[in-house]
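Asks: I would like to see how this sequence folds:
(chains A, B, C and D)
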There are 2 protein chains.
Amino acid sequence: MGKKISIVDIAKALNISKSSVSFILNGHAKEKRISDELVERVTKYVNEVGYKPNSFAQSLRTGKSNTIGLMVEDISNPFFAKIARLIEDRAYENGYKMIYSSTDNNTVKTQELISMFRDRHVDGYIIAPPEGIEDEINALLNDDLPVVLFDRYLSTIETDHVVIDNKSSVYNVTTHLIEQGYKNIGFISFTSVQIQLKERLQGYKDALKDHNMKSCIKEVMYSRNESLMYESIVTFLKKRTDLDSVIFSTNHLGVLGLKAIRTLGLKIPNDIAVASFDDYELFELTTPPITAIAQPIEAIADNIITILLNKLNAPTKLKSRQNVILSTDLKIRESTSNRSKKSIKKS
Amino acid sequence: MGKKISIVDIAKALNISKSSVSFILNGHAKEKRISDELVERVTKYVNEVGYKPNSFAQSLRTGKSNTIGLMVEDISNPFFAKIARLIEDRAYENGYKMIYSSTDNNTVKTQELISMFRDRHVDGYIIAPPEGIEDEINALLNDDLPVVLFDRYLSTIETDHVVIDNKSSVYNVTTHLIEQGYKNIGFISFTSVQIQLKERLQGYKDALKDHNMKSCIKEVMYSRNESLMYESIVTFLKKRTDLDSVIFSTNHLGVLGLKAIRTLGLKIPNDIAVASFDDYELFELTTPPITAIAQPIEAIADNIITILLNKLNAPTKLKSRQNVILSTDLKIRESTSNRSKKSIKKS
DNA sequence: ATGAAAGCGCTAACAT
DNA sequence: ATGTTAGCGCTTTCAT
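Replies: Sure, this is the predicted structure:
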């Protein structure tokens, strides 16, 4: 079969040494001053027989795998799926393969994953890190492996990362709700010490504080069992009927929240206004459409892969750190439309 | 660094030969009748120093990569993203890594991808094949590489596949619309010879024929440029104001269609009833919720990976073929509710 | 300008 | 029961 042909075979066929073939194949022909005629002959033959180098042998020899490892929370989450797709395209263009995995924000699973990626000699790492993974990341860094974090970073670790301005994004949407006349704004997030969620929460708190309003926070326990989280939101909304609006801190929660609100028969925005982090196709198509904080997905992916490729190609350990903070786009839709008129009707 | 320790190092440290170490590591201790004491000593040491075999050397030697390659149309499409996630979990449980890629239904890109996967000695292939890829698939099969097709199959190729009953699914939803009193049912699909789309179309045609109704079909040209497809749908809907209902043949088209309908200011289901292939979170949350054909995602993923793992572990080329055809679940929602009452009002 | 040869880390057939 | 050894296919140093 085609795959079996090796560099020796082609050396034999052409009656030259395998190292010459290797040099030519790797573009060292010039510096080795190999005759153009030979180069020509080899290239032609290689194309003819469709020779492909054995990547294991190559990697075994060079220690490089031409692979980028991507670890996200959940590859089936639309936000991460889009990012993955964009990065994948750029990586392939640059001759890199991708291998990705979902961490479920589970530290142990992530440790295993990192270990597995290392076994496979992944050349570069792109990670949306869960909590408690500092040591493993540091170990990668110590071994001079390029790592780019995104979506969140680890405050105790100095490495490149691409994130968004979570705090001010939520500050803005909260302010928006306040300006629209909402008085009792709830905030629904996950129980988590992940920095991006903490920042989002802080943005909410800051905005309320600046307006002398009091907060109402619900932290849902993350679970792979959707209905558990859903029930948790339902219970909360049932209890806090005083809320006139609510902000969800992720698209995942936003979707669950919308289901809960629908089940409870609440009307948006009359009974309750809704805004969510992460824009999502769905939010445009609901009735009414949902106000959302849109992350600049293309820019995020673009920054990540650009930084990583740079590090991969860098002469050697240029110890420069790039921390990119991108801003978001608040898409104001009808789910948070002006409350004042309704207030008059209702109260 | 930890990664540098090799089988020779541990042989040296323990003052034994590297083959003994290898045998023990690969579980051949019994058959080689190696003393339990030695086994114990080696395992202990290995754990202590955190030795991990070099996967390239292993693969180079054995020709196995413990990797499964997955090729889907677009990994950021929720249907494929979910499938990928489910398969990934099962694969990891069984010691396999996943590497996946989006084909964009582009034959040339898929050829390159298959070639790349081969270079990497992927052990098994899971593919949602685009048109015109028969030769490459056959080549894989000829080399006794396990291939499982899904979502569609290639009629000229005999290989395992997992698909759903497209024709009767669409037949059913069409019949449902007819029973609800709809008289002018449109069908929007992609211009494509992909078998699953052809079958869906056929289901639609059959249902209309059985009820002596005439069809109205729009085939949208696929493009990575969303707005092109969107415009195409808008134009169609504007022209065919006689339609009282429409079926979209994929979730992608369904979402674009909903946007178009919203833009045109049409009310669902009064102005136009809507049903779509592929259920999707979104379809439950729109107002009204959209009737959809739900694919049994878990079952699909489960069948795929089970078949593949079986082939991977099979003694040797057991030439059994498994063709699984799963049935779908028609989720009837308000977007296709009874037309009779409205007809009275309107006509 | 070209070739010989070492060796990356591992497995397994073949000794002993 | 344990050790020796020959590669897997490639890159690259060193000789010529």
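Asks: which parts of the stretch 101-250 of chain A are strands?
Replies: Residue ranges of the strands in the stretch 101-250 of chain A, as given by DSSP state E, counting those that start in this stretch, are A:124-127, A:147-150, A:160-164, A:185-190, A:216-220, A:245-248.
Asks: which one of the ones you listed lies nearest to A:N172?
Replies: Nearest to A:N172 among the strands of the stretch 101-250 of chain A is strand A:245-248 (10.9 Å), distances taken as Cβ to Cβ. For every residue, glycine as well, the C-beta is placed using N, CA and C.
Asks: circling back to that earlier point, which stretch among the strands of the stretch 101-250 of chain A is buried most, on average?
Replies: strand A:245-248 (a mean of 28; mean count of other Cβ atoms under 10 Å in any protein chain shown).
Asks: next one, pLDDT for the closest residue to chain B within chain A please.
Replies: Using Cβ to the nearest Cβ, A:T287 is the residue of chain A that sits closest to chain B, at 3.5 Å. Looking at A:T287, its pLDDT reads 87.
Asks: and it, helix, strand or coil?
Replies: The three-state label for A:T287, taken from DSSP: H, G, I helix; E, B strand; the rest coil, comes out as coil.
Asks: ok, it - contacts?
Replies: Contact criterion Cβ atoms under 8 Å, 6 or more residues apart in numbering or on different chains gives B:286-287 as the residues in contact with A:T287.
Asks: correct me, but A:S327 touches A:I164?
Replies: Yes. Look at A:S327 against A:I164 with Cβ atoms under 8 Å: they come within range, at 6.8 Å.
Asks: now for the two: what residues contact both?
Replies: The contact sets of A:S327 and A:I164 overlap at A:P296 (Cβ under 8 Å, 6+ apart).
Asks: among the strands of the stretch 101-250 of chain A, which is nearest B:S59?
Replies: With distances scored as Cβ to Cβ, the stretch of the strands of the stretch 101-250 of chain A nearest to B:S59 is strand A:124-127 (20.4 Å).
Asks: ok, the closest one near chain B or not?
Replies: No. Contact between strand A:124-127 and chain B is absent, the nearest approach being 14.5 Å (criterion: Cβ under 8 Å from any Cβ of the partner chain).
Asks: in its sheet, what does that strand sit against?
Replies: Strand pairing for strand A:124-127, determined by DSSP bridges: strand A:67-72 (parallel), strand A:147-150 (parallel).
Asks: on that earlier part again, among the strands of the stretch 101-250 of chain A, which is nearest DNA strand D?
Replies: strand A:124-127 (18.6 Å; Cβ to the nearest atom of the strand).
Asks: determine how far the closest one lies from the middle of the whole chain.
Replies: On the basis of Cα atoms, centre = their mean, to the nearest Å, the separation between the geometric centre of strand A:124-127 and that of its chain is 10 Å.
Asks: near chain B, which residues of the stretch 151-300 of chain A? Just list them.
Replies: Within reach of chain B by Cβ under 8 Å from any Cβ, the stretch 151-300 of chain A has these residues: A:255, A:258-259, A:262, A:281-282, A:284-287.
Asks: avg pLDDT for stretch A:28-47?
Replies: When the per-residue pLDDT values of stretch A:28-47 are averaged, the result is 85.
Asks: am I right that A:V274 sits in a helix?
Replies: No. Counting by three-state DSSP, A:V274 is not part of a helix but strand.
Asks: nearest spatial neighbour of it, skipping sequence neighbours?
Replies: The shortest distance from A:V274 to any residue that is not its chain neighbour, by Cβ to Cβ, 6 or more residues apart in numbering or on different chains, is 4.6 Å, and that residue is A:S335.
Asks: could you do A:V255 as well?
Replies: Closest residue to A:V255 in three dimensions, ignoring its sequence neighbours and counting by Cβ to Cβ, 6+ apart: B:E281, at 5.9 Å.
Asks: spit out the contact partners of that neighbour.
Replies: A:255, A:282, B:78.
Asks: assess the claim that the second one and B:L285 are in contact.
Replies: Yes. At 6.2 Å, A:L282 counts as touching B:L285 under the criterion of Cβ under 8 Å.
Asks: all helices for chain A, in order.
Replies: Listed from the start of the chain, chain A has helices (DSSP state H) covering A:7-14, A:18-25, A:36-49, A:55-62, A:78-93, A:107-119, A:134-142, A:166-179, A:195-210, A:226-239, A:251-263, A:281-285, A:297-313, A:340-346.
Asks: can you flag the weakest of the ones you listed by average pLDDT?
Replies: Taking the average pLDDT of each of the helices of chain A, the minimum falls on helix A:340-346, with a mean of 48.
Asks: follow-up on the earlier one: tabulate the strands of the stretch 101-250 of chain A in JSON lines, adding columns for mean pLDDT.
Replies: Listed next are those as JSON lines, based on pLDDT from 0 to 100:
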{"stretch": "strand A:124-127", "mean pLDDT": "97"}
{"stretch": "strand A:147-150", "mean pLDDT": "96"}
{"stretch": "strand A:160-164", "mean pLDDT": "96"}
{"stretch": "strand A:185-190", "mean pLDDT": "97"}
{"stretch": "strand A:216-220", "mean pLDDT": "97"}
{"stretch": "strand A:245-248", "mean pLDDT": "98"}
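Asks: figure out which of those is closest to DNA strand C.
Replies: Between DNA strand C and the strands of the stretch 101-250 of chain A, the tightest spacing by Cβ to the nearest atom of the strand is seen for strand A:124-127, at 20.3 Å.
Asks: which residues sit against stretch A:76-89?
Replies: For stretch A:76-89, using Cβ under 8 Å, 6+ apart, the contacting residues are A:68, A:70, A:72-75, A:98, A:100, A:102, A:126, A:128, A:150, A:251-252, A:278, A:280-281, A:295, A:297-298, A:300-302, A:304-305, B:74-76, B:78, B:81-82, B:84-85, B:101-102.
Asks: what does stretch A:166-180 give?
Replies: With Cβ under 8 Å, 6+ apart as the test, stretch A:166-180 has contacts from A:185, A:196, A:199-204, A:206-208, A:211, A:213, A:245, A:247, A:249, A:273, A:275, A:277, A:291, A:293, A:327-328, A:330, A:332, A:336-340.
Asks: just the buried residues of the residues you listed.
Replies: For the contacts of stretch A:166-180, burial is judged from neighbour counts taken by 16 or more other Cβ atoms under 10 Å in any protein chain shown, and it is met by A:185, A:196, A:199-201, A:203-204, A:206-208, A:245, A:247, A:249, A:273, A:275, A:277, A:291, A:293, A:328, A:330, A:336-337, A:339.
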